[in-house]
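J.: Coordinates for the following, if possible.
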Amino acid sequence: MTAGTVTDQFTASVIQASLVAAADEMFAVLRKTAMSPIIYEVLDVGTGVTDADGELVSSGAGIPTFVGVLDKAVRRIVELHGKETILPGDMYVTNDPYYGGVTHLNDVVIALPVFADGKLIAWTASIAHWNDIGGRVAGSMSTEASEIFQEGLRLPAVKLMQGGKPIAAVFDIISANSRLPDFARGDLWAQVAASRIAEKRLVELVATYGAEAFEAALDMLFEEGERRARAGLATLPEGTYAIEEEQDDGAIWRASITVSGDRFTVDLRGNPLQRAAPYNTSRDGAVISAQMIFKALSDPTLFANAGSFRLLDVLTTPGTIFHATGVAPHGYYFETRIRLYDMLWQCIARAMPDRLPAGHFASICGTVIAGSHPDHGRRFTMVEPQMGGWGATAERDGLDAMYSCSHGETFNCPVEIAETRYGLDVEYKKLNDSDEGRGLHKGGKGLSLAYTLRGPALLSAGYSRTRQPVWGLNGGEEGGTNGFAIRRRDGTTTDHAFASGVELEAGDTVLIHTANGGGWGKLEGR
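T.: Have a look, this model is predicted:
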């Protein structure tokens, strides 16, 4: 077919499928070329394509909450720089939640504008967790940070390349502010390569079908996303559903969800003020949690673009934990966001217990161990999210040892890789022995895990649901709690929920347990 306007759905479908393939190829390139196990083993990344304005077009595999960052990051870049200043060969980097980074400073976004015949037609973007971006502690995740300045290097949507050439000063600044400069450079270039391969595919696509056909296909794609969302919304019971939930620290969080004929409104106003501690999230982060709930309810397929969320409204109050402003820190934003997602899930699950599962362990359980390898002295930073139990449903038991619902298509780091790269011993990694989460259908099993150090290191970690247990549904029992402990060589043990910069010695062991999922339905005779 020669260049021209889209005249049929078949051509549009080919273009749309090619956009998804481009995002998937980005993901494959990033996985195969990155230096850090958190990227190439755990797949703590997200890839996607947006239109010229930053509206999400397609996404690759990876973490759902990361994919939700990309369109917001691109829109912020366009807002800050203006389309008129963005030229072919430019590339941008951001990690700052106040400049489109959305999450925390460890998660770095690389965005590349794509031009065809001199016109900006799209962006290719990726986000990945970098092991160290500076800050108070190795791994850049301090529980003691009171301002974002203490969390590491801020990259406020700055230009990384100009005219296709690296801006050396920016690369030097990144390297100089990381305790692992080789890994930072390696992971950075992996993201650059991912964006460039997708750029090539989009340029080829426009050359084949023409810019008008390309843009028409995007319009049809957005319309299809909205149509699917509207059809799904019509299956939900109309009404307003509210929830209040006490958190581990005693704070009370509130939310309501209003389902009407043409809107799905999540109201997060009236929540606690932001904190001078790293447990805040940006408004964009709160929106992502709401987007995930709405997508799961309205169209639980892999199909997602900007049109999928046109019927969603999210209400927040600036200066609160779900809409942090100023210089509030965000280091453990992920625990706040997964807790918010879990609360919204519980809110709507109460209204539809036959459609949604009970609660899951609902924590990232991020565990960072940093030190020098005992065999050769090279510095390392282990970044490991942990797995836990998922909730039971009206039809079956919950799934065992899965990552949280924020994680999507990610994997655990193999024991052999962890022991080789980090110079520690994984004493055991097994399903836990707890029988919590009982019910007509029982919750899935959480995990028990032990890391024993072979040399000195520093530990930083953050676990939530350490006091408030996983919720059951429709009479099912609670699934228990998460937590970790440090057992010293002398046998003394201390329990923790959040900690950073904890000194470990050879022979010390980090003991981890994650919760079972909640049960669904009452057990007979109980």
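
J.: check contacts around the nearest residue to Thr494 once chain neighbours are set aside.
T.: Setting aside the residues directly before and after it, Thr494 is nearest to Ile486 in space (Cβ to Cβ, 6 or more residues apart in numbering), at 5.4 Å. Yep, even glycine has a C-beta here, placed from its N, CA and C like the rest. By Cβ atoms under 8 Å, 6 or more residues apart in numbering, Ile486 lies in contact with 459, 493-494, 496, 502, 504, 508-511.

J.: swap in Gly443?
T.: So, once contact is read as Cβ under 8 Å, 6+ apart, Gly443 ends up touching 358, 360, 389-392, 397-398, 436-437, 470, 472, 476, 479, 516-520.

J.: So which other helices or strands are in contact with the one helix or strand Gln16 maps to?
T.: Using DSSP states H and E, Gln16 maps to helix 9-33. On a contact count with 3 or more Cβ pairs under 8 Å, 6 or more residues apart in numbering; DSSP states H and E, helix 9-33 meets helix 37-40, strand 45-51, strand 56-62, strand 119-129, helix 181-209, helix 211-233.

J.: just checking, what packs against the fourth one?
T.: By that I understand strand 119-129. By 3+ Cβ pairs under 8 Å, 6+ apart, strand 119-129 packs against helix 9-33, helix 37-40, strand 45-51, helix 64-81, strand 107-116, helix 181-209, helix 211-233.

J.: Alpha carbons only: can I get that strand in CSV?
T.: Extracted C-alpha coordinates of strand 119-129, given in CSV (Å, rounded to 0.1, in the frame of the first residue of the first chain):
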residue,chain,number,x,y,z
LYS,A,119,7.4,16.6,12.0
LEU,A,120,7.2,15.3,15.5
ILE,A,121,4.9,12.2,15.4
ALA,A,122,5.6,10.3,18.6
TRP,A,123,7.8,9.6,21.5
THR,A,124,9.5,6.4,22.6
ALA,A,125,10.1,6.1,26.3
SER,A,126,11.4,3.7,29.0
ILE,A,127,11.7,3.7,32.8
ALA,A,128,14.0,1.5,34.8
HIS,A,129,15.2,1.3,38.4
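
J.: could you give the angle of the next helix or strand after it to helix 181-209?
T.: For strand 119-129, the succeeding helix or strand toward the C-terminus, using DSSP H and E, is strand 158-162. Orientation check (axes from the mean of the first three to the mean of the last three Cα atoms, to 10 degrees): strand 158-162 against helix 181-209 gives 70 degrees.

J.: Tell me how far the residue nearest to Ile15 when sequence neighbours are not counted lies from Leu105.
T.: Leaving aside its sequence neighbours, Ile15 sits nearest to Ala217 (Cβ to Cβ, 6+ apart; 3.8 Å). Distance, Ala217 to Leu105, using Cβ to Cβ, to the nearest Å: 36 Å.

J.: The lowest-mean-pLDDT helix or strand in the chain pairs with which strands?
T.: Taking mean pLDDT, DSSP states H and E as the measure, the chain has strand 56-62 as its least confident helix or strand, at a mean of 84. Its sheet considered, strand 56-62 pairs with strand 45-51 (antiparallel) by DSSP bridges.

J.: Check the offset of the strand it pairs with from the chain's centre.
T.: Strand 45-51 has its C-alpha centroid displaced from the chain centroid by 13 Å (Cα atoms, centre = their mean, to the nearest Å).

J.: Could you do stretch 60-77 as well?
T.: Worked out by Cα atoms, centre = their mean, stretch 60-77 lies 9 Å from the chain centre.

J.: cool, and stretch 20-36?
T.: 16 Å.

J.: Kindly report the same for stretch 163-177.
T.: 26 Å.

J.: Flag every buried residue along it.
T.: Within stretch 163-177, the residues that qualify as buried are 167, 170-171, 174, 177, counting by 16 or more other Cβ atoms under 10 Å.

J.: From Glu419, how far out is the residue nearest to Thr494?
T.: 19 Å.

J.: same deal with Val510?
T.: For Val510, the distance to Glu419 - Cβ to Cβ - is 14 Å.

J.: what do you get for Gly285?
T.: Taking Cβ to Cβ, one finds Gly285 at 34 Å from Glu419.

J.: Then Gly54?
T.: Gly54 is 42 Å from Glu419, by Cβ to Cβ.

J.: Then Asp187?
T.: 22 Å.

J.: More neighbours: which of these two?
T.: Asp187 (27 against 14; other Cβ atoms under 10 Å).

J.: Let me see the contact set for that one.
T.: 34-36, 39, 108, 128, 130-131.

J.: again, but for Phe66
T.: By Cβ under 8 Å, 6+ apart, the neighbours of Phe66 are 44-46, 103, 107, 127.

J.: Throw those into CSV and include pLDDT, distance to Asn305 and neighbour count, thanks.
T.: Formatted as CSV, the contacts of Phe66 follow (pLDDT from 0 to 100; distance: Cβ to Cβ, whole Å; neighbours: other Cβ atoms under 10 Å):
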residue, pLDDT, distance to Asn305, neighbour count
Asp44, 93, 23, 27
Val45, 94, 19, 30
Gly46, 94, 14, 29
Thr103, 96, 21, 28
Asp107, 97, 22, 27
Ile127, 96, 17, 30
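
J.: Taking these, tell me the two that lie furthest apart.
T.: Val45 and Thr103 (12.2 Å; Cβ to Cβ).

J.: Any chance you could list residues touching both of those two?
T.: 66, 127.

J.: can you list the domains in this structure?
T.: The chain breaks down by automatic domain parsing into domains covering 9-226, 356-526.

J.: Report the distance from the longest one to the chain centre.
T.: Its chain's average C-alpha position is 14 Å from that of domain 9-226, according to Cα atoms, centre = their mean.

J.: Please enumerate the strands of the stretch 201-350 of the chain.
T.: For the stretch 201-350 of the chain, applying DSSP state E, counting those that start in this stretch gives strands covering 239-246, 252-259, 264-267, 312-315.

J.: With the stretch 351-500 of the chain instead?
T.: Using DSSP E, counting those that start in this stretch, the strands of the stretch 351-500 of the chain run over residues 366-372, 379-384, 424-431, 447-453, 457-462, 483-487, 493-496, 498-504.

J.: neighbouring strands for the first one, and are they parallel or not?
T.: The one in question is strand 366-372. Per DSSP bridges, strand 366-372 is paired in its sheet with strand 379-384 (antiparallel), strand 457-462 (antiparallel).

J.: just the third one next, same as before
T.: Take DSSP bridges as the rule and strand 424-431 pairs in its sheet with strand 447-453 (antiparallel).
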